[in-house]
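Asker: A predicted structure for the sequence below; I have some questions about it.
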Amino acid sequence: MEYEPVIGLEVHAQLLTKTKIFCGCSTRFGAEPNSHTCPVCLGMPGVLPVLNKKVVEYAIKMALATNCTINSSNVWARKNYFYPDLPKGYQISQYDQPLAEHGYISLELGGSTKRIGITRIHMEEDAGKLIHDEINPVSYVDYNRTGVPLIEIVSEPDMRSPEEGAEYLRRLHEILVYLEICDGNMEEGSFRCDANVSLRPKGEDIFGTRTELKNMNSFRNVQRALEYEIKRQQYVLDNGDAVVQETRLWNDSQGMTHSMRGKEEAHDYRYFPDPDLVPVVISGDWIEEIRGSLPELPLEKRERFIKKYGIPPYDAGVLTASRALADFFETVAIKSGRPKLASNWVMGDLLGHLNEDKLLMEECPIRAQALSDMIGLIENGTISGKIAKDVFEEMWRSAKDPKEIIEEKGLVQITDSSALEAVIDQVLKHNSSQLEDYRKGKDKLFGFFVGQVMKATKGKANPKIVNEILQKKLSK
């Protein structure tokens, strides 16, 4: 039987606030275990939580960016379960009255656009972290993360392939980072994803039994885990068995999922309104104020770059992958007046060096003004494209301006026709056999002569002038 996958994703994004959601403890990652804690986030008797307003503001930003309806009144709920990393015995979250609902984001796949619905976005606190000893049968708990603010973004079951699931995650991640409300670091747990997947016979509307997948720490692993789970469920169904509703863990090294526990339902958590927190009331004026502060979002920016700068969709997609990269490119494009050249240098040399040195765009040693100046020097004939590669390397190493590097190293391009003619005469004289072969019809040797001239001038000869002089001399 032919089956159709049905996929929905639940994403937890840690918000970039300096302090936790209900107390003043720091949210900084990497501190000594249990050093960022207090009676409030540890759930000591008699303490009361106080809501961090910045958390609500950041959550509203994401709701607006994903076309959600924001509820004017939303309620905090206690999600009750026992686990050692949850000191209160419950997690403060939202249930039947979340912050926002009924949104969507658009994906561009295979030349077409698909809308993925967002069921809800709600705010909640994070739990702690268990650390298991690899040698002894002992586990340790670090409560630093307890009370760190999260938003949970729950999609509709609208995805029909692992590729769609991975692309949805990338777009969601991109929006969060553009809004500067989440750093998106999957290794540190700032951006985490659980996937729900089921199969149904193709053409049917009723959903099959779903499993939940956890422990996926990259876009690639999400896609791999979905691919494996779809094949596993198909094997189960083809053999006449039933898929069990459960939570499964992805094992990256084995490339497969393992059963972890039975899947909980909402009633298992005994949700009820938190008596220590009043409902959050959000005014229309506050929503509009936040809407006015939103940056240009990735999809809008991509479309504008294609129209305004005439660059291909692929280039626009790469250049808008991060807000810092998009801003850098746009500055170079505007200041140099050559957007396609700017795109080539940023996508090729700049991104190549960033990846090689494992640097973020914000850590780039080359300023946008310096790169636009270098493009200008290529355009006015001061340096050739080949010399520009050497200049770029030195700019990367020293962070110096291109003019300074050119002057220090004597890299000014040779544009004097008479000087180049003398070099060309010497090249032809010392390569008489190749000259004879060229005149017998071996036209490909033209490139050889150009190369010899460039070699003789250490790459400083203006290629256009060299070509013009050679064509005249070789036609005689």
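Answerer: Great, that's in hand. Being a predicted model, the structure only gives us computed values, none of them experimental.

Asker: give the contact list for Y168.
Answerer: Going by Cβ atoms under 8 Å, 6 or more residues apart in numbering, Y168 touches L9, I105, L107, I116, S155, M159. In short, each C-beta sits where N, CA and C put it, glycine included.

Asker: Specify the next element, helix or strand, located C-terminal of the lengthiest strand in the chain.
Answerer: Using DSSP state E, we find that the single longest strand of the chain is strand 112-125. Helices and strands here follow DSSP states H and E; after strand 112-125, the next one along the chain is strand 129-132.

Asker: Show me what that next one pairs with in its sheet, parallel or antiparallel.
Answerer: Strand pairing for strand 129-132, determined by DSSP bridges: strand 139-142 (antiparallel).

Asker: can I assume Y168 sits in a helix?
Answerer: Yes: Y168: assigned to a helix according to DSSP: H, G, I helix; E, B strand; the rest coil.

Asker: how near is it to I60?
Answerer: Using Cβ to Cβ, to the nearest Å, Y168 is found at 21 Å from I60.

Asker: what's the answer for P201, then?
Answerer: 41 Å.

Asker: contact partners of the longest helix seen in the chain?
Answerer: Ranked by residue count under DSSP state H, the longest helix found in the chain is helix 219-238. Residues from elsewhere that reach helix 219-238 (Cβ under 8 Å, 6+ apart): 1, 3, 5, 7, 9, 162-163, 165-166, 169-170, 173, 193, 195, 197-199, 208, 211, 213, 216, 242-243, 248, 250, 252, 255-257.

Asker: Nearest residue to Y178 in space, please, no chain neighbours.
Answerer: Of all residues not flanking Y178 in the chain, R323 sits nearest, at 4.9 Å (Cβ to Cβ, 6 or more residues apart in numbering).

Asker: So P201 and I60 - more neighbours on which side?
Answerer: Taking neighbours as other Cβ atoms under 10 Å, P201 and I60 compare with I60 leading, 24 against 12.

Asker: so the more buried one is in which element?
Answerer: Using DSSP H and E, I60 sits within helix 53-65.

Asker: orientation of that helix relative to strand 112-125 in degrees?
Answerer: Put simply, helix 53-65 runs at 160 degrees to strand 112-125, going by axes from the mean of the first three to the mean of the last three Cα atoms, to 10 degrees.

Asker: From the contact counts, what lies against the following helix or strand past helix 53-65?
Answerer: Once helix 53-65 ends, the next helix or strand along the chain (criterion: DSSP H and E) is strand 69-70. Strand 69-70 sits against helix 53-65, strand 100-109, with contacts defined as 3 or more Cβ pairs under 8 Å, 6 or more residues apart in numbering; DSSP states H and E.

Asker: which residues are in contact with strand 69-70?
Answerer: I60, A63, L64, L99, A100, E101, H102, G103, I282, I287.

Asker: hmm, 6 Å instead?
Answerer: A63, A100, E101, H102, I287 (Cβ atoms under 6 Å, 6 or more residues apart in numbering).

Asker: any idea of the pLDDT on the most centrally placed residue in the chain?
Answerer: For the chain, E174 is the residue whose C-alpha lies nearest the centre (Cα atoms, centre = their mean; 5.0 Å). Listed pLDDT for E174 reads 94.

Asker: Can you mark which positions in the helix or strand hosting it are buried?
Answerer: Using DSSP H and E, E174 sits in helix 162-178. The neighbour-count check on helix 162-178 (16 or more other Cβ atoms under 10 Å) flags 162, 164-169, 171-178 as buried.

Asker: One more: stretch 93-112?
Answerer: Quick answer for stretch 93-112 (16+ other Cβ under 10 Å): S93, Q94, Y95, Q97, P98, L99, A100, E101, G103, Y104, I105, L107.

Asker: same deal with stretch 56-67?
Answerer: V56, E57, Y58, A59, I60, K61, M62, A63, L64, A65, T66.

Asker: ok, and what's touching it?
Answerer: Here stretch 56-67 has contacts from 15, 70, 99-100, 103-105, 118, 121, 123, 151, 175, 179, 181, 290-291, 297, using Cβ under 6 Å, 6+ apart.

Asker: just to revisit the earlier point, reformat the buried residues of stretch 56-67 into TSV and put pLDDT and distance to L359 next to each item.
Answerer: As requested, the buried residues of stretch 56-67 are exported to TSV (pLDDT from 0 to 100; distance: Cβ to Cβ, whole Å):
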residue	pLDDT	distance to L359
V56	98	34
E57	98	30
Y58	98	27
A59	98	31
I60	98	33
K61	98	27
M62	98	27
A63	98	33
L64	98	32
A65	97	27
T66	97	30
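
Asker: Can you tell me which of those is nearest A456?
Answerer: Set against A456, the nearest of the buried residues of stretch 56-67 by Cβ to Cβ is A65 (57.5 Å).

Asker: Show me the domain layout of the protein.
Answerer: Split into domains by automatic domain parsing, the chain comes to 3-288, 296-409, 417-474.

Asker: mean pLDDT lowest for which of those?
Answerer: domain 417-474 (a mean of 79).

Asker: where does it sit relative to the chain's centre, distance-wise?
Answerer: How far domain 417-474 lies from its chain's middle: 48 Å, per Cα atoms, centre = their mean, to the nearest Å.

Asker: Output the contacting helices and strands for the helix or strand hosting Q452.
Answerer: Assigned by DSSP H and E, Q452 belongs to helix 445-456. Packed against helix 445-456 by the contact rule (3 or more Cβ pairs under 6 Å, 6 or more residues apart in numbering; DSSP states H and E) you find helix 417-430, helix 463-474.
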